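S.K.: what's the 3D shape of this:
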Amino acid sequence: MKQRVLFVCATNGLHSPMAEALLKRLDSEHFDVISAGIDPGESHPVMLEVMKEIGVDLDRRVPRAANEVLDRRFDFVITLCERARLKCPKFQAAELVHWRFESPLTALDGTQQKRMFASLRDQIAQRVRLFALVQVRFAIAS
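M.R.: Coordinates of the predicted model:
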């Protein structure tokens, strides 16, 4: 049985779509994954650009609100920014996990911002790989 994972960030336009796409790409056999935002907004254009660099096209995805998925059951709800950690709705029976990342929105110029977005993508990818490895090994051992 697949583990159900919800990634949540403030707008579902930056951290959470990256995490969703990366886990889907890594291991859709063991995980059913979606993302949402506290208040859905637009996907950040630099996020879209750095994801395309690794072959992931998120241009057509539609941001969703966490409240839209309150009726679903999740094994893990993973918040990816401070606002999501503080404002995330409660999901019955889900293990709540917080992953803290620096915001690339603090960069002063476009070149620096793109490097920060690429670094964020790589940090999320590393965390997703570790999460998947641990959860799959735990499920096999159980």
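S.K.: Please tell me how far the helix or strand that residue 136 is a member of is from the chain's geometric centre.
M.R.: Element membership for residue 136, per DSSP states H and E: helix 110-141. Centroid displacement of helix 110-141 relative to its chain, using Cα atoms, centre = their mean, to the nearest Å, is 9 Å.
S.K.: just stretch 93-108 next, same as before
M.R.: Taking mean C-alpha positions (Cα atoms, centre = their mean), stretch 93-108 and its chain are 9 Å apart.
S.K.: Touching it from outside, list them.
M.R.: Stretch 93-108 has contacts (Cβ atoms under 8 Å, 6 or more residues apart in numbering) with 6, 14-15, 44, 46, 73-82, 85, 88, 113, 115-117, 119-120, 123-124, 127. Any C-beta I mention is one placed from the backbone N, CA and C, and that applies to glycine too.
S.K.: All good on my end, thank you.
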